[in-house]
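Student: here is my input, please return the structure:
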Amino acid sequence: MKYSQRAQAISPFFAMAFGAKAAKLEAQGHHVVKLNIGEPDFGAPPDVLLAMQKLATTAPLPYTSALGLPELRTAIAGFYKTAHDVDLNPNRVVVTAGASAALLLLAAAFVDEGDNVIMADPSYPCNRQFIKSFGGKVQSVPTDPQSRFQLNMSLLEQHWQAGTRGLMLATPSNPTGTAVAPDELAAMCEFAKSKGAWRIIDEIYLNLHHGEADEKPVTALAFDDEALVINSFSKYFGMTGWRLGWCVVPERAVPVMERLAQNYYICPSTLAQKAALQCFTPASIAVCEARRATLKSRKQLVLAGLQKCGLHVPVQPDGAFYVYIDVSNTGLCAMTFCERALQEAHVAMTPGNDFGEYQGDSYVRLSFASAESELQEGLVRLGGFMAKLAL
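Tutor: Coordinates of the predicted model:
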């Protein structure tokens, strides 16, 4: 059996690999504090769960349009108005089988063999894999705490090449939780547009910003109407296993996206789509906003606890539920630090090697999406582990 070069080139996903190792320890009777996966512990809002339970037993669940239920596309467009003050034609919304499927469709639609796509290092690893799978070349631009681990205009102009065909970034980002200032993002989008390049903006964590309750986060669609924007029900709405996301594309690109979706997966889950209509009720939004406030308080708990442990977070996150820890002062590389923390302290985290090559060996991602009691226990264990390293 001969595997394709594409399959052989795919790198391991260390976040999931450490999750598997944690599961083995748990099977042996150990309590592992799992801070390696970006998965909110809240679950779907109550109204969504009730709708799912009713639909699963009473409603026929045939295929929907490959683009998604019209009423869900309309509800998502309405969410952009209420959450971001952006008027959006529902026809431009493509509901997908998770944000990963949105990335799949966009890569298939816009990446040709040999196309250069510029993105930050560090960044979400699957973004690189989607680009490479369609023959694109990833231009990873090294970033650091000074740039808040994000691209900016200076870096973009410095690293742009003649063969660059696309710009891909996330705000707030995985793994750092840092966001790009709206003015900077607008400038980068305009620069890429002037070069004839497309812009994929991952806004999966946009509504998990750490601002005030009345602060409306700025979507790229507010200033770049042709940006290719990705979002998901997984994070803000807490629906990771439901595998439901969406993207917003220019109206002329919708038929292309429809053909690709029809062939790749027919349509998103009908049950998930119908239940997700309850995400946009005032009650569900209130639940999600309360959870966002909880994540902000968890961030402060974690930052204070890590400082007490002697672990340095060079840039505080602006959103999401990650901190990017510099472990270079421990004398261990990121992979060894995570291996030993798991085996000796039973705390699972993700090495920065997952997210890029530049300085990835010096950083570890910790997710504070777990319950506060688990976070407190994890910090106590990390404190003991760090004390042991200092001996």
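Student: check which residues of stretch 263-271 are buried.
Tutor: For stretch 263-271, burial by neighbour count (16 or more other Cβ atoms under 10 Å) applies to 265, 267, 268, 269, 270, 271. C-betas here are computed from N, CA, C, even on glycine.
Student: before we move on, what about stretch 60-75?
Tutor: Here stretch 60-75 shows 64, 65, 66, 67, 68, 69, 72, 73, 74, 75 as buried, counting by 16+ other Cβ under 10 Å.
Student: let's verify the fifth one: helix, strand, or coil?
Tutor: When the structure is reduced to helix, strand and coil (DSSP: H, G, I helix; E, B strand; the rest coil), residue 68 reads as coil.
Student: for the residue lying closest to it once chain neighbours are set aside, helix, strand, or coil?
Tutor: Distances taken as Cβ to Cβ, 6 or more residues apart in numbering put residue 95 closest to residue 68, at 2.5 Å, once the chain neighbours are dropped. Here residue 95 is recorded as strand under three-state DSSP.
Student: which residues touch residue 145?
Tutor: By Cβ atoms under 8 Å, 6 or more residues apart in numbering, the contact set of residue 145 is 314, 315.
Student: oh, and call the first residue 47 from now on, that's how I've got it
Tutor: New numbering, starting at 47: the last item is residue 191.
Student: how far away is it from residue 254?
Tutor: Distance, residue 191 to residue 254, by Cβ to Cβ, to the nearest Å: 21 Å.
Student: please apply the same query to residue 409.
Tutor: Following Cβ to Cβ, the distance that separates residue 409 from residue 254 is 21 Å.
Student: picking up where we left off before, let's have the buried residues of stretch 309-317 in CSV, adding secondary structure.
Tutor: Formatted as CSV, these follow (three-state DSSP):
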residue, secondary structure
311, coil
313, coil
314, coil
315, coil
316, helix
317, helix
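Student: which one of those is nearest to residue 289?
Tutor: residue 315 (6.5 Å; Cβ to Cβ).
Student: which of the buried residues of stretch 106-121 sits closest to residue 269?
Tutor: residue 119 (22.6 Å).
Student: wait, isn't the closest one in contact with residue 112?
Tutor: No: if you go by Cβ atoms under 8 Å, residue 119 and residue 112 don't touch, sitting 11.8 Å apart.
Student: confidence score at residue 261?
Tutor: We have a pLDDT of 89 for residue 261.
Student: burial count for it?
Tutor: Neighbour count of residue 261, defined by other Cβ atoms under 10 Å: 9.
Student: three-state assignment of it?
Tutor: Relying on three-state DSSP, one would call residue 261 coil.
Student: how near is it to residue 395?
Tutor: Counting by Cβ to Cβ - residue 261 and residue 395 are separated by 30 Å.
Student: show me which of residue 409 and residue 254 is the more surrounded one.
Tutor: residue 409 (26 against 23).
Student: leaving out chain neighbours, which residue sits closest to the more buried one?
Tutor: residue 398 (3.4 Å).
Student: tell me which residues of the longest helix along the chain are tucked away?
Tutor: Ranked by number of residues, the top helix in the chain under DSSP state H is helix 328-355. Across helix 328-355, burial judged by 16+ other Cβ under 10 Å covers 330-331, 333-334, 337-338, 340-342, 344-345, 348-349, 351-352, 355.
Student: so how far is that helix from its chain's centroid?
Tutor: The chain centre lies 17 Å from the centre of helix 328-355; the measure is Cα atoms, centre = their mean, to the nearest Å.
Student: list the helices and strands it packs on?
Tutor: Where contact means 3 or more Cβ pairs under 8 Å, 6 or more residues apart in numbering; DSSP states H and E, helix 328-355 is packed against helix 92-104, strand 368-372, helix 418-436.
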